[in-house]
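>>> Predicted model and sequence below, questions to follow.
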Amino acid sequence: MKQRIGKTGLIALALFFVTGASSASTSTPAEAAKPAASSTAAKGGKSSTAKTAVKVLDINSASKDELKTLPGIDEVRANKIIAGRPYGSKAFLVTRNIIPSGVYEQIKNQIIAKQK
């Protein structure tokens with residue numbers, strides 16, 4: 001039992017570092033939400049682009065309906081996410097076999113796992 005917990009912990013830690021390193025080289029969700037300056041704004045005119053905020057869901061507190069708004073998350077997966085709470089990291093969704101890694105890749109920038 002201890003070996004399984006140890007192996008799972010190592011896998012989760014490795015996944016955490018891999019996703020952390022890859023996200024360090026890419027833009028953050030906040031940077032992605034910033035619209036590019038339009039040519040009219042650069043010339044002193046009014047910009048027609050509106051600022052849009054990226055909505056990030058906390059997987060430890062989001063409702064089933066909120067979770068179902070994420071791509072690849074249906075009612076069954078939303079129920080599995082809720083049943084597996086609390087999560088120390090959003091990567092636990094994959095390491096605990098809650099969702100497949102392909103779905104995780106689609107939603108990883110839209111979710112967080114807040115700690116209480």
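Yep, that arrived.
>>> Can you tell me which helix or strand of this structure has the lowest average pLDDT?
When the helices and strands of the chain are scored by mean pLDDT, DSSP states H and E, helix 39-42 comes last with a mean of 44.
>>> Can you identify the element that follows that one toward the C-terminus?
strand 57-58 (DSSP states H and E).
>>> low-scoring pLDDT stretches of this protein, where are they?
Scanning the chain for pLDDT under 70 picks out 1-10, 12-53.
>>> Going along the chain, name the strands of it.
Using DSSP state E, the strands of the chain run over residues 57-58, 111-112.
>>> and these, which is most packed in?
Mean neighbours per residue, mean count of other C-beta atoms under 10 Å, is largest over these for strand 111-112, with a mean of 18. The C-beta positions use only the backbone N, C-alpha and C, and glycine is treated the same way.
>>> Residues touching that strand, excluding its own?
Outside strand 111-112, the residues within contact range by C-beta atoms under 8 Å, 6 or more residues apart in numbering are 56-59, 70, 90, 93.
>>> Just the buried ones out of those, please.
57, 59, 70, 90, 93 (16 or more other C-beta atoms under 10 Å).
>>> Just give me the neighbour total for the residue nearest to Ser101 when sequence neighbours are not counted.
Nearest non-adjacent residue to Ser101, counting by C-beta to C-beta, 6 or more residues apart in numbering: Val94, 5.2 Å away. With neighbours defined by other C-beta atoms under 10 Å, the count for Val94 comes to 21.
>>> you'd agree Val94 is up against Tyr104?
Yes. Val94 is within contact range of Tyr104, at 4.9 Å (criterion: C-beta atoms under 8 Å).
>>> hmm, back to that, nearest to Ile99, out of the strands of the chain?
strand 111-112 (10.3 Å; C-beta to C-beta).
>>> Walk me through which strands the closest one pairs with, and which way each runs.
Strand 111-112 has the following strand partners under DSSP bridges: strand 57-58 (parallel).
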